[in-house]
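Chemist: Mind folding the following:
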Amino acid sequence: MKSYFEHANITVINPEHTINFLLSAIPEWEVRGSGKMDNWFGKFINWYHVGDDDSYIAIQGGGEGRVKDWKEHWTGVKHLGIVVPNIQNVIDRLLVAGFELDHFGGNHPYRKSVYYLDEHRIQFEFIEYLSDEASYKNDYKL
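Modeler: Predicted structure coming up:
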């Protein structure tokens, strides 16, 4: 079996907002599991696993504060990158759902990317690869 990235866990104030954002962007994903923790370090927490059969984003409530601006030099996760088959479809779906595009990624002949911030300022990157050839997709000299 090949190793692969299975999930990331993020804590937010409003899980429903982040779930709505992700399901608007990627309608084939679903809430594949959810539950409650009665005493997560002194708090009642709702949690959700949003994704598909192979990978997901664990979203849990109970967050406090906000993520710092992604342009600042702080330690932590800057964004979560999700590969999609058609980036324009993602942009269109998120626009209809009321989510504003933050910025486009750099120019590359074999990939396109866009960045969005949810209301917690968690940054999500959506990537469309224009080739299946790894040497083209992963060429960082272009």
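Chemist: and the residue positioned nearest the centre of the chain, what are its bridge partners?
Modeler: The chain has residue 124 as the residue nearest its centroid, 4.1 Å off, counting by CA atoms, centre = their mean. Here residue 124 shows beta-bridge partners residue 80, residue 116, assigned using DSSP bridges.
Chemist: shouldn't it be in contact with residue 84?
Modeler: No. Counting by CB atoms under 8 Å, residue 84 is not a contact partner of residue 124; they are 10.7 Å apart. Any C-beta I mention is one placed from the backbone N, CA and C, and that applies to glycine too.
Chemist: what touches both of these two?
Modeler: Both residue 124 and residue 84 are contacted by residue 25, under the criterion CB atoms under 8 Å, 6 or more residues apart in numbering.
Chemist: So which residues of the chain form helices?
Modeler: 15-25, 87-96, 134-137 (DSSP state H).
Chemist: Please identify the deepest-packed of those.
Modeler: Burial of the helices of the chain is given as mean neighbour count (mean count of other CB atoms under 10 Å); helix 15-25 ranks first at a mean of 19.
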